[in-house]
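Novice: Pasting the sequence and the predicted model now:
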Amino acid sequence: MQDKYFLNSSFLLFILFISFEAFAQNSLYAGIEIGSKGIKISVIDVNNIKKGDYDILGYWTENVGIAKGISIDGNLAQEDIDKAGSVVANNLARIKNKYNVTNENIYIVASSGVALANNKQALIDKIKIATNKDLDFISAEAEGKMLLKGSIPTTDYQDAIVLDIGGGNTKGGYVDVLNDNKFEFFPLKLDYGTITLTEAINKTIVIPRETNDMQVYKEKSFEYSPVLREKIKEMLKTKPLSLQKKKIYLSGGAIWAFVTLYYNNNSDDHFIPLKMEDIVNYDAILKNNFVKYENLAKASTEADKVISTYSQKHLISGNNILIACLESIPDLKSKKIYFAKEGQIAWLVSYVVDRSKKIKNNF
């Protein structure tokens, strides 16, 4: 009887252990995002997603610039598609083996910048063959909504605008409360990002040998600024309420680069206050004393990541977009500006929210 009791008890403990393991694994989620400038991988452990209670177990990037061909002929280059398929497959295996995330809790998406490609079906097919998983494309509107929902405090929803400067485009938006007391999201989109603006400026350089001349690029960048500002003006004009918001949350590679290089900031703060005068000073260093940041990269791992990811041209273009956006917002000195550090995983957090049957979204 004792042996039988012991066996039954052991079996019960085994079942409880397996159940606990299954429960623990079901709280783990991961995402692989194929962006214009690189592939980002995120792993989170969710405690209460509705309250924003989750831990980031892992976040890393793979420097695969898949969308550079879009600005040239509208297509993703086949070699970039093949590279993306390999990188995604390798990281999918890493997520499963290192973090024990279940297959159904791993999402693979491509950004709205990548979605602009005429041959995006080729990327869908490659990912399916490499991973046996479907690839979703996130529209610019959905990206903006996910960014707001997943990266800024819910208490600031009504009083904030969010903007993300990506490689292929800039997107964001804000929410407003309608008469039925429900939130409605109003998207903002600019068809310029760090890569696409750089390529647009490069196309204005008519002498091929001058394409790599930084002085020529800076001059052409300055000449192109009225076009950029007019596009931003048109974007904001369609959503005038965005200009009244008191808080501005920013994310994206261009902002990460600024915070890392200028502030040399590696803090764990979710929201880092920014000053317009610092952004302008940073712009001057990028254009006139870039060697300062090249030297910083030799001593700082985080700075080295920035310099390894973005060229001087890309950093200048990203900051041009940032400055032009901020200068288009009236009464800027009365606003509060923040870098939303976790904007890079906002889409994943939002994905988990939207797929949870227990949670009813506000909007």
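Specialist: Noted; the coordinates are in hand.
Novice: from here on, contacts and neighbour counts on C-alpha atoms
Specialist: Will do.
Novice: Isn't L261 up against T301?
Specialist: No. L261 lies out of contact with T301 (C-alpha atoms under 8 Å); the separation is 11.0 Å.
Novice: neighbour count winner among the two?
Specialist: L261 (23 against 10; other C-alpha atoms under 10 Å).
Novice: Now the more buried one, what are its backbone angles?
Specialist: phi -80, psi -50 (degrees, to the nearest 10).
Novice: residues in contact with it?
Specialist: By C-alpha atoms under 8 Å, 6 or more residues apart in numbering, the contact set of L261 is 293, 296, 303, 306.
Novice: tell me the secondary structure for the residue nearest to T61 when sequence neighbours are not counted?
Specialist: Distances taken as C-alpha to C-alpha, 6 or more residues apart in numbering place K40 nearest to T61, at 4.4 Å, with adjacent residues excluded. Three-state call for K40 (DSSP: H, G, I helix; E, B strand; the rest coil): strand.
Novice: do you know how far K40 is from V291?
Specialist: 28 Å (C-alpha to C-alpha, to the nearest Å).
Novice: Looking at these two, which has the bigger crowd around it?
Specialist: Per other C-alpha under 10 Å, whichever of K40 and V291 has more neighbours is K40, with 20 against 12.
Novice: Run through the bridge partners of that one.
Specialist: Beta bridges link K40 to E33, T61, judged by DSSP bridges.
Novice: pLDDT score assigned to it?
Specialist: You'll see K40 listed with a pLDDT of 88.
Novice: same deal with the one 3 residues further on?
Specialist: Among the per-residue scores, V43 holds a pLDDT of 90.
Novice: which SS class is it?
Specialist: strand.
Novice: Count the neighbours of it for me.
Specialist: With other C-alpha under 10 Å as criterion, V43 counts 22.
Novice: does it really touch S27, like I thought?
Specialist: No. Using C-alpha under 8 Å as the test, V43 is too far from S27 to be in contact (10.6 Å).
Novice: Would you state the helices of the stretch 151-300 of the chain in chain order?
Specialist: 194-202, 214-237, 253-262, 276-288, 291-299 (DSSP state H, counting those that start in this stretch).
Novice: For these, could you give me TSV that also reports mean pLDDT?
Specialist: Listed next are the helices of the stretch 151-300 of the chain as TSV, based on pLDDT from 0 to 100:
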stretch	mean pLDDT
helix 194-202	91
helix 214-237	94
helix 253-262	94
helix 276-288	97
helix 291-299	95
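Novice: and A122, which of those helices is closest to it?
Specialist: helix 194-202 (21.1 Å; C-alpha to C-alpha).
Novice: got the CA positions of the closest one in PDB?
Specialist: Output of helix 194-202 as PDB, limited to C-alpha atoms (Å, rounded to 0.1, in the frame of the first residue of the first chain):
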ATOM      1  CA  THR A 194      16.300  56.800 -42.500                       C
ATOM      2  CA  ILE A 195      16.900  54.600 -45.500                       C
ATOM      3  CA  THR A 196      14.300  55.900 -47.900                       C
ATOM      4  CA  LEU A 197      15.200  59.600 -47.200                       C
ATOM      5  CA  THR A 198      18.900  58.800 -47.700                       C
ATOM      6  CA  GLU A 199      18.200  57.100 -51.000                       C
ATOM      7  CA  ALA A 200      15.900  60.000 -52.100                       C
ATOM      8  CA  ILE A 201      18.800  62.400 -51.500                       C
ATOM      9  CA  ASN A 202      21.300  60.200 -53.200                       C
END
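Novice: Next, the angle from it to helix 253-262.
Specialist: 90 degrees (axes from the mean of the first three to the mean of the last three C-alpha atoms, to 10 degrees).
Novice: What are the buried residues along helix 194-202?
Specialist: Buried residues in helix 194-202, counted by 16 or more other C-alpha atoms under 10 Å: 194-199, 201-202.
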